[in-house]
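A.B. asks: sharing a model that was predicted from the sequence below.
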Protein chains: 2
Amino acid sequence: MTMKDVAEYSGVSISTISRVLNNHPDVREEVRAKVLKAIQDLHYVPNSSARDLVKTQSDTIGVVVRGVENPFLTSVLRSIEEAIREAGYTMVIHQIGTEEDEVAEGASLVRSKRLCGLILLGGRFDYTPEETVSIEVPFVCCTYTNSFGSLEKTAYSSVYIDDYAEAYKAVKLLIEKGHKKIAVLLGATDDHSISELRYKGYCDALRNAGIEVDKSLVEQTRGYSMKKAYNATERLLARRNDFTALFTVSDSMGIAAIKALHNAGVKVPDDCSVIAIDGIEVSKYTIPALTTLKQPRKPMGYETVRILVDVIKGKKNCQLRLKTELREGETLAPPKR
Amino acid sequence: MTMKDVAEYSGVSISTISRVLNNHPDVREEVRAKVLKAIQDLHYVPNSSARDLVKTQSDTIGVVVRGVENPFLTSVLRSIEEAIREAGYTMVIHQIGTEEDEVAEGASLVRSKRLCGLILLGGRFDYTPEETVSIEVPFVCCTYTNSFGSLEKTAYSSVYIDDYAEAYKAVKLLIEKGHKKIAVLLGATDDHSISELRYKGYCDALRNAGIEVDKSLVEQTRGYSMKKAYNATERLLARRNDFTALFTVSDSMGIAAIKALHNAGVKVPDDCSVIAIDGIEVSKYTIPALTTLKQPRKPMGYETVRILVDVIKGKKNCQLRLKTELREGETLAPPKR
């Protein structure tokens, strides 16, 4: 069943049928009714398959979101969805847990949905060519890049912030306030991910200010849930009660840490300053409001889609680094002790 | 199972299999049959185009999310995505703002993506048959139902909570604590949406306890962003400073309201108790933790997909009402004055 059959049946031209299907206003009601009746009578499915007759290529972009409980990624996802729609593509989404493999899931999505491109929103930093070859279509790493991996620059695209430099900046802000005993809350120091990179930034900011890195001020959450961040802060507090500042690698962790500090009787920022990276909406409204380096969520999503569409159309892969912006909250103060 | 296995099994080259899967015309019918048989025998999961050779029906479910900045809807979306995947369907998503029309957008999605079903996640409560006829496929309203509309029960499905009764329950909890001057923060009292229904529950809980509804304790946010909720609370406080409790129709609003109360020097819960409806993750970690009626997010998503798939397969439409559960936080106390 094609549009041509509908045209013959209804006695209306193909271009008019197309206008009806695309909801154009410039069709007389009577003609529209005639077309709709023909469509019903013939059980014609007016849709992408019809478009597929013209353009056989897929216009579907897949998005694998790794870390479904991460509100930062969710907010980037919104901008990705908008940008995909504006670019005239369809988006299919697949959300996975942080313990799942985004490359394998992405590759399977590419095959099962016949994608023309793939966006990995959140993922590992250590891909190998052997691994990503299974993806088969252009792909963009969104919010991270291949820092620990062995991919050629020509083999992938990415839109990310410089995790090392941004963490360095955050910790430097604490040092400039006068803090020396600065704790850090992160996923793991050796996970080949944002935590490892941001941990390096933390260490170098301290060392360059002449402060030695004290391992007992480093607490690993072993996961990115708020509950894990809360529990990790409790462990940190049980071990040490003399740090005057805390750097957390995400806003969610920062919010949970402030709660744990509060419940332990540690006042933020009087007894302990807190700084994070992300800049999600809700951390403006916590008490106190979280001071954070805001990632450019909207540009991040838009640039990801722009680059992917460019690569689909034949342009070269590229790695685009964006910058954060300080969003001042109420969690920074000079140390009392 | 890979294409290679199919190649070995069928004795046909990978490139030919690929041509079959991608519906290229230049494959002999005999070879095509051989490939399809191999795919069936091996239970190989071929991409959608291959599946389209076998079953011509669409297996794509569309989800229109209305209210992209609503973290409650985002969390239900996760469960919908999981359930769609588990049921073996593909999901396409379309996120729109609260001012956009989910029916028109959904109908256009159905046509352009050839959907077999549609989920409206967040939407208006007053659909008419004239309006929803454009959707053309089975649809489920998720998180709301047709309370103010004129649809036949047989024409749509929905999974929702009883907004009236749940609001009644929340306000009753405040009254039982001893509160009489209870303010309410909501979108609008006459918006034919959760706000109107929950406002009715608020009014009846007061009246049934012998408390008159005082219009100057009712504040309309005219939108669901945290910023609007924050500003509305400021307006409320400028007008009245004698209420001892506040009911907000969502957790996000509750968090923003607590911040505005705090910034105005009103202590929660000592000076003012707060209760909300939703039960999102982050409100466990606010200071104080928000007391809220938790919506069953996961069952909500799963039941939505289960019902939709049933209707797609020929079962009748149905409306399923779920219940909230009290999640005790730290924002309830008896009134001081």
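C.D. replies: Received the coordinates, thanks.
A.B. asks: contacts, neighbours, all on C-alpha from now
C.D. replies: Fine.
A.B. asks: now for A:G67, how many residues are close by?
C.D. replies: A count of nearby residues for A:G67, using other Cα atoms under 10 Å in any protein chain shown, gives 22.
A.B. asks: what sits against it?
C.D. replies: By Cα atoms under 8 Å, 6 or more residues apart in numbering or on different chains, the contact list for A:G67 reads A:73, A:95-98, A:122.
A.B. asks: for the stretch 51-200 of chain A, what lies in contact range of chain B?
C.D. replies: Counting by Cα under 8 Å from any Cα of the partner chain, the residues of the stretch 51-200 of chain A close to chain B are A:68, A:74, A:78, A:81-82, A:90-95, A:110-114.
A.B. asks: again, only this time at 7 Å
C.D. replies: Taking Cα under 7 Å from any Cα of the partner chain as the contact definition, the stretch 51-200 of chain A meets chain B at A:91-93, A:111-114.
A.B. asks: now the phi/psi pair for A:G279, please.
C.D. replies: Dihedral angles of A:G279 (phi, psi; degrees, to the nearest 10) stand at phi 80, psi 50.
A.B. asks: need the nearest residue in space to it, chain neighbours excluded.
C.D. replies: Computed as Cα to Cα, 6 or more residues apart in numbering or on different chains, the closest residue to A:G279 that is not its neighbour in sequence is A:K294, at 4.0 Å.
A.B. asks: and A:V137, by the same measure?
C.D. replies: Excluding the flanking residues, the one nearest A:V137 by Cα to Cα, 6+ apart is A:G117, at 5.3 Å.
A.B. asks: out of the contacts of A:G67, the closest to B:Y144 would be?
C.D. replies: A:Q95 (24.0 Å; Cα to Cα).
A.B. asks: in the stretch 201-337 of chain A, where is pLDDT below threshold?
C.D. replies: A:337 (pLDDT under 70).
A.B. asks: and for the residue of the stretch 1-150 of chain A found nearest chain B, the neighbour number?
C.D. replies: Per Cα to the nearest Cα, A:S112 is where the stretch 1-150 of chain A lies closest to chain B, at 3.6 Å. By other Cα under 10 Å, the residues close to A:S112 number 17.
A.B. asks: wait, doesn't A:L236 sit right on A:T221?
C.D. replies: No - using Cα atoms under 7 Å, A:L236 is not in contact with A:T221, being 10.3 Å away.
A.B. asks: excluding its backbone neighbours, what's nearest A:F72?
C.D. replies: The spatially closest residue to A:F72, leaving aside those adjacent along the chain, is A:I280, at 6.0 Å (Cα to Cα, 6+ apart).
A.B. asks: quick one, helices of chain A?
C.D. replies: A:3-10, A:14-21, A:29-42, A:48-54, A:71-86, A:102-113, A:129-132, A:163-176, A:194-208, A:226-239, A:251-263, A:297-312 (DSSP state H).
A.B. asks: touching, A:Q319 and A:Y160? I think so.
C.D. replies: No - using Cα under 7 Å, A:Q319 makes no contact with A:Y160, being 8.0 Å away.
A.B. asks: picking that back up, please indicate which of the contacts of A:G67 are buried?
C.D. replies: By neighbour count, with 16 or more other Cα atoms under 10 Å in any protein chain shown, the contacts of A:G67 hold A:73, A:95-96, A:98, A:122 as buried.
A.B. asks: ok, now how distant is the residue nearest to A:G279 from chain B?
C.D. replies: Taking Cα to the nearest Cα, to the nearest Å as the criterion, A:K294 is separated from chain B by 17 Å.
A.B. asks: quick one: residues contacting that residue.
C.D. replies: For A:K294, the contacting residues are A:277-279, A:324-327, by Cα atoms under 7 Å, 6 or more residues apart in numbering or on different chains.
A.B. asks: narrow these to those that are buried.
C.D. replies: Here, 16+ other Cα under 10 Å leaves A:277-279, A:324, A:326-327 buried among those.
A.B. asks: inside strands: which ones of those?
C.D. replies: Using DSSP state E, the subset of the buried ones among the contacts of A:K294 located in strands is A:277-278, A:326-327.
A.B. asks: and which of those residues is nearest to B:M3?
C.D. replies: A:D278 (41.4 Å).
A.B. asks: check what pLDDT the closest residue to A:Y89 other than its chain neighbours gets.
C.D. replies: Leaving aside its chain neighbours, A:Y89 sits nearest to A:D59 (5.2 Å; criterion: Cα to Cα, 6+ apart). pLDDT recorded at A:D59 is 89.
A.B. asks: ok, how many other residues are close to A:D59?
C.D. replies: When counting by other Cα under 10 Å, one arrives at 19 neighbours for A:D59.
A.B. asks: quick check: the closest residue to A:V103 other than its chain neighbours vs B:K113, distance?
C.D. replies: Excluding the flanking residues, the one nearest A:V103 by Cα to Cα, 6+ apart is A:T132, at 6.6 Å. In this view, A:T132 and B:K113 are 29 Å apart by Cα to Cα, to the nearest Å.
A.B. asks: what does A:R235 give?
C.D. replies: 50 Å.
A.B. asks: which of those two has more neighbours?
C.D. replies: Shown here are A:R235 and B:K113; by other Cα under 10 Å, B:K113 has more neighbours (19 against 15).
A.B. asks: contacts for stretch A:259-266, please.
C.D. replies: A:230, A:233-234, A:267, A:272, B:285-287.
A.B. asks: distance between that stretch and the chain's centre?
C.D. replies: Its chain's C-alpha centre and that of stretch A:259-266 lie 30 Å apart, by Cα atoms, centre = their mean, to the nearest Å.
A.B. asks: go on, stretch A:182-190?
C.D. replies: 20 Å.
A.B. asks: what's the mean pLDDT across that stretch?
C.D. replies: On average, stretch A:182-190 scores 96.
A.B. asks: CA atoms only: put it into CSV for me.
C.D. replies: What follows is stretch A:182-190 as a C-alpha-only set of coordinates in CSV (Å, rounded to 0.1, in the frame of the first residue of the first chain):
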residue,chain,number,x,y,z
ILE,A,182,40.3,19.5,52.5
ALA,A,183,38.5,16.1,52.1
VAL,A,184,37.2,14.7,48.9
LEU,A,185,34.2,12.4,48.1
LEU,A,186,34.4,10.5,44.9
GLY,A,187,33.4,7.2,43.3
ALA,A,188,36.9,5.6,43.3
THR,A,189,40.4,7.0,42.8
ASP,A,190,41.3,4.4,40.2
